[in-house]
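Need a 3D model of the following:
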Amino acid sequence: MAGLCGLCIAADIAGAEACVDGWGRMVSIVDRGEEANISADLIVADPGWSSQASLRPECVADPSYVGTRAGGCWSGTMRLDEGKLFKYTVATSNDDMMGTRFTVCVSALTNCAVEGVFMALRFPAQDFAGGRLEMRRPGHSASALLPDKPKHPPDLCSGPVSDIMCASAGGRLKFSATLDREVNAFAQDDRAWNIESYSVLLQLAPAGELPAGKTASLDVAFRLSAERPATPVTIEVKPDQMLGLWEGFGGNFVFQTESPVTEYALRNLETAFARTQATLAEWEPENDDGNPCRINWASFEARDAAGSNLRREFELAGRIDRMRMTRILSVWRLPDWLCETNPGGWGAWRTARVARNMEEELDECIVSYLLYAKRKYGAEPDLFSFNESRE
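Numbers count the residues shown, from 1 in each chain. Okay, the predicted model is just below:
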């Protein structure tokens, strides 16, 4: 599914999916359906922390996104004060061994004095109160208990670090970050400033003069392990009471549909329900002609090429319909050009919104997909959904 970022620490910690907004901030990270609202941001601070810029929309000019096969790259200009401008990039990629890799660069566009350039990792107090934070480097480890009540003074621990682990009380959530080099870091209880989180600030550039053209960078890999709470369940079977009709199991035929698993499931499992995906970002990656009342069929038909993901998607939908299953067609991600802010990246769909005055273009995109699938492949879904929409 969608978003971007990553981590690592213990061998038993699984990979995860990070969700990144349109400006390059990680807003949450997901492991096996369990979401933790852990965030990652960039901060440039004036001396004495008199003011600061981050990747909040009000601090960023000209944000842009470029998708890649491995992940994505966000860039823009951070504005600290009048005349203090910084070019930034945030690039993500997936690494099976390390997790999701997050590479950040911040370059000063003018000579300016700063308190430092930081990557800020924030852990919600609601989930991590009573847990433990460890900041490690070769031959040394510093740890701190994450207090249930606000701590005064708010300092938790500090020092050089190359590896971070943060676990919730009881260990249900385990988050880790592996850095490409040692940096200075400090952890604090943000509730001293009425912010319900704990944070770790990784210093990419020290306090002092930051010359124009000077770049501060960091490469970090994120991982998350999230265990579902184990709660006892009691099931009572009353064979004399009929409450509903069991029609059968359902199958999710969306990802890696060319694998042998798909063929085995269709041949052997007697599936009654099936869900397939409408990959609208591939169906109409750019506006076909600017007129939502006219469908440029030549533009769409050209994308249904032999061996393409769209071709496999249409053929699978037609096959499932011929097997007389109840089929649900779902959309995970819209084309970027239909969205209010360029959502970018697989996972960033969670924060995407349809742009103003683009509703009719969205209608055309969906209707053309449905009409083409029915006309060319005899595929017509029983149900339609925008999958995992937050609205």
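
Return the set of residues that bridge with residue 184.
residue 160 (DSSP bridges).

What's the separation between it and residue 294?
Spatial separation of residue 184 from residue 294 under the definition CB to CB, to the nearest Å is 59 Å. C-betas here are computed from N, CA, C, even on glycine.

the more surrounded of these two?
With neighbours defined as other CB atoms under 10 Å, residue 184 and residue 294 compare such that residue 184 has more, 15 against 10.

So the more buried one is in contact with residue 137, correct?
No. Under the criterion of CB atoms under 8 Å, residue 184 lies out of contact with residue 137, with a separation of 10.5 Å.

okay, and the common contacts of the two?
Common neighbours of residue 184 and residue 137 are listed as 159, 160, 161 (criterion: CB atoms under 8 Å, 6 or more residues apart in numbering).

Any of those residues buried? List them.
When burial is judged by neighbour count using 16 or more other CB atoms under 10 Å, the buried members of the shared contacts of residue 184 and residue 137 are 160, 161.

In this structure, where's the longest helix?
Using DSSP state H to assign secondary structure, the helix with the most residues in the chain is helix 359-377.

so after that helix, what's the next helix or strand?
Scanning forward in sequence from helix 359-377 by DSSP states H and E, the next helix or strand is strand 383-386.

so what secondary structure elements neighbour that following strand?
Using 3 or more CB pairs under 8 Å, 6 or more residues apart in numbering; DSSP states H and E as the contact criterion, the neighbours of strand 383-386 among helices and strands are strand 326-331.

what's the angle from the strand it packs on to helix 359-377?
140 degrees (axes from the mean of the first three to the mean of the last three CA atoms, to 10 degrees).

so for strand 326-331, what's the average pLDDT?
Strand 326-331 carries an average pLDDT of 95.

wait, residue 142 sits on residue 159?
Yes. With contact taken as CB under 8 Å, residue 142 and residue 159 are classed as touching, separated by 5.5 Å.

Could you name every residue contacting both of those two?
Counting by CB under 8 Å, 6+ apart, the contacts common to residue 142 and residue 159 are residue 135.

Check which element follows the helix or strand residue 217 falls within along the chain.
When secondary structure is defined by DSSP H and E, residue 217 falls within strand 215-226. Toward the C-terminal end, the helix or strand that comes next after strand 215-226 (DSSP H and E) is strand 250-252.

Give me the contacts around the helix or strand following that next one.
Note on strand 250-252: by DSSP H and E, the next helix or strand toward the C-terminus is helix 260-268. Contacts of helix 260-268 with the rest of the structure, by CB under 8 Å, 6+ apart, involve 251, 253, 256, 271, 316, 319, 320, 323.
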